[in-house]
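Colleague: coords below, sequence missing:
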């Protein structure tokens, strides 16, 4: 097994000044000046924490970082010779930010104790100065590097306002989830910890699924994208987060876009549904039963996706003749990337077109349901589409059919390698004029 290299990992120290200072620490260590190495290491750690806090202030106006710097400055001004601010710095960073977890905090407190023993004339029973051994110092160096020095500055719990304001200003550019993800990961989430991101999920959940005001409505879509990014990054912690505070996460709006957005979110994270309170579940059930978009997305209410596809098909074929939008179809398709779901989806769009009840509707439904998804059709589903066309004169007798069906004929021949038996589909075999 390759030995851990202090020199190699020190190359990843985040700040240039810290890296330069750490070279002096390493030099003392290699020259067996272990007391000096520990004393200097503590100074480097303290400086690095201050640099990280100042970065959060300069770049993001972080409130916790500002409070910590303000307090330690006041202590220094009041008593310039006191080193009490150093320990308070570590305590405050642990208590008020997410820069350190519990084990990292304890490691730094142990370093501080070793620094105290090494820097002061602390004599043992034999009247000898305290001298840490090589293994202890090496452990201190490694912990300082891995716990703190190589990490970028992490955000505290006060970054929410900054992120939301930034996304609002950039909403025109960040007009889809991949763009939002790339932006927030690069600018914010690459510097956060899991606890910070879980706190963000909690806050954004309320903004997207509960609050109803002008600002929330205007930014609901981009904030939903932010929530999805956070959920994907913390998927293993999501169920525990929701089930651990059901009352908070069940406090949702009963109407409007907030509940629709929640139904969409649950269509992606169906495992969360059962962890909500009964009052929230009743609101969601009502949306799924009475709203067209809710009915389209609410598969998590069913025994399976297969059952949901059957219900959607029955709904399409019923006398109500529901109107679908392109967004509905896109969201329906996105529920699963399995071949089985793709086949079910193709049957749904084929049926939507195939049950058109007049020529004008058939014209518009064809453009909506067939060309955008024709590449998804396999042998079974393209044959089903041909059957739907053959059985409905509103589809095959409309004026635009001869032009529109070129793409269907092309897909049939591609899938069947020009061996499709058109004799059973008289309209295709006799009337379709593909032109030149």
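Modeller: Received it, and whenever you're ready, just let me know what you need. Small disclaimer: the values here were computed from a predicted structure and weren't measured.
Colleague: use CA for all of it now, contacts and neighbours both
Modeller: Will do.
Colleague: if I look at the closest residue in space to residue 246 that isn't next to it in sequence, how far off is residue 247?
Modeller: In this structure, residue 246 finds its nearest non-sequential neighbour in residue 276, 5.6 Å apart by C-alpha to C-alpha, 6 or more residues apart in numbering. Applying C-alpha to C-alpha, to the nearest Å, one obtains 8 Å for the distance of residue 276 from residue 247.
Colleague: Now for the residue nearest to residue 246, how many residues are close by?
Modeller: Residue 276 has 18 neighbours, counted by other C-alpha atoms under 10 Å.
Colleague: where along the stretch 301-436 of the chain do the helices fall?
Modeller: 305-317, 326-333, 339-354, 359-369, 379-390, 393-396, 401-404, 406-416, 426-431 (DSSP state H, counting those that start in this stretch).
Colleague: counting contacts, what elements does the longest one pack onto?
Modeller: Other helices and strands packing on helix 339-354, by 3 or more C-alpha pairs under 8 Å, 6 or more residues apart in numbering; DSSP states H and E, are helix 305-317, helix 326-333, helix 359-369, helix 379-390.
Colleague: quick one, the first one and helix 326-333 angle?
Modeller: Helix 305-317 and helix 326-333 meet at an angle of 150 degrees, taking axes from the mean of the first three to the mean of the last three C-alpha atoms, to 10 degrees as the criterion.
Colleague: Repeat that for the third one.
Modeller: Orientation of helix 359-369 against helix 326-333 (the same axes, to 10 degrees) gives an angle of 50 degrees.
Colleague: can you tell which of the helices and strands packed on helix 339-354 is closest to residue 99?
Modeller: The closest approach between residue 99 and any of the helices and strands packed on helix 339-354, judged by C-alpha to C-alpha, belongs to helix 326-333 at 38.5 Å.
Colleague: sorry, back to before: so what's the residue nearest to residue 246 up against?
Modeller: Residues in contact with residue 276 (C-alpha atoms under 8 Å, 6 or more residues apart in numbering) are 242, 243, 246, 247, 249, 250.
Colleague: hang on, isn't the first one packed against residue 251?
Modeller: Looking back up the chat, that one is residue 242. No: taking contact to mean C-alpha atoms under 8 Å, the distance of 11.6 Å between residue 242 and residue 251 leaves them out of contact.
Colleague: Tell me which of these two has more neighbours.
Modeller: Ranked by neighbour count (other C-alpha under 10 Å), residue 242 and residue 251 place residue 242 first, with 20 against 17.
Colleague: Please, which helix or strand holds the more buried one?
Modeller: Per DSSP states H and E, residue 242 falls inside helix 235-243.
Colleague: Could you pull out the buried residues of that helix?
Modeller: In terms of neighbour count (16 or more other C-alpha atoms under 10 Å), helix 235-243 has its buried residues at 238, 239, 241, 242, 243.
Colleague: Could you do stretch 390-404 as well?
Modeller: Neighbour-count burial for stretch 390-404, counted by 16+ other C-alpha under 10 Å, picks out 390, 392, 393, 394, 395, 396, 397, 401, 402, 404.
Colleague: can you put those in JSON lines and add distance to residue 80?
Modeller: Written out in JSON lines, the entries for the buried residues of stretch 390-404 read as follows (distance: C-alpha to C-alpha, whole Å):
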{"residue": "390", "distance to residue 80": "91"}
{"residue": "392", "distance to residue 80": "90"}
{"residue": "393", "distance to residue 80": "92"}
{"residue": "394", "distance to residue 80": "89"}
{"residue": "395", "distance to residue 80": "87"}
{"residue": "396", "distance to residue 80": "90"}
{"residue": "397", "distance to residue 80": "92"}
{"residue": "401", "distance to residue 80": "87"}
{"residue": "402", "distance to residue 80": "89"}
{"residue": "404", "distance to residue 80": "83"}
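Colleague: Between the buried residues of helix 235-243, which sits nearest residue 288?
Modeller: Of all these, residue 288 sits closest to residue 242, with 21.0 Å by C-alpha to C-alpha.
Colleague: how close does that closest one get to residue 221?
Modeller: Distance of residue 242 to residue 221, given as C-alpha to C-alpha: 21 Å.
Colleague: next one: residue 296
Modeller: Applying C-alpha to C-alpha, the value for residue 296 to residue 221 is 18 Å.
Colleague: Also residue 36?
Modeller: With C-alpha to C-alpha as the criterion, residue 36 and residue 221 are 56 Å apart.
Colleague: One more: residue 318?
Modeller: When C-alpha to C-alpha is applied, the distance between residue 318 and residue 221 equals 32 Å.
Colleague: Mind checking which of the two has more residues around it?
Modeller: Neighbours of residue 318 and residue 221, each counted by other C-alpha under 10 Å, are more numerous for residue 221; the result is 18 against 11.
Colleague: That one is in what secondary structure piece?
Modeller: Remark: residue 221 resides in helix 214-233, with elements defined by DSSP H and E.
Colleague: which other residues reach that helix?
Modeller: The set of residues that contact helix 214-233 without belonging to it, under C-alpha under 8 Å, 6+ apart, is 164, 167-168, 171, 174-177, 180-181, 184, 197-198, 200-201, 204-205, 207-208, 238, 261, 265.
Colleague: what does stretch 80-93 give?
Modeller: When contacts are taken as C-alpha under 8 Å, 6+ apart, the neighbours of stretch 80-93 outside the stretch itself are 46, 68, 72, 75, 76, 99, 100, 105, 108, 109, 112.
Colleague: ok, and for it, which residues are buried?
Modeller: Buried residues in stretch 80-93, defined by neighbour count with 16+ other C-alpha under 10 Å: 85, 86, 89, 90, 91, 92, 93.
Colleague: Need phi/psi at the fourth one.
Modeller: Right, the one you point to is residue 90. Per-residue torsions, residue 90: phi -60, psi -40 (degrees, to the nearest 10).
Colleague: following the helix holding residue 242, which helix or strand shows up next?
Modeller: helix 246-249.
Colleague: C-terminal to that following helix, what's the next element?
Modeller: helix 256-268.
Colleague: what mean pLDDT would you report for that next one?
Modeller: For helix 256-268, mean pLDDT rounds to 96.
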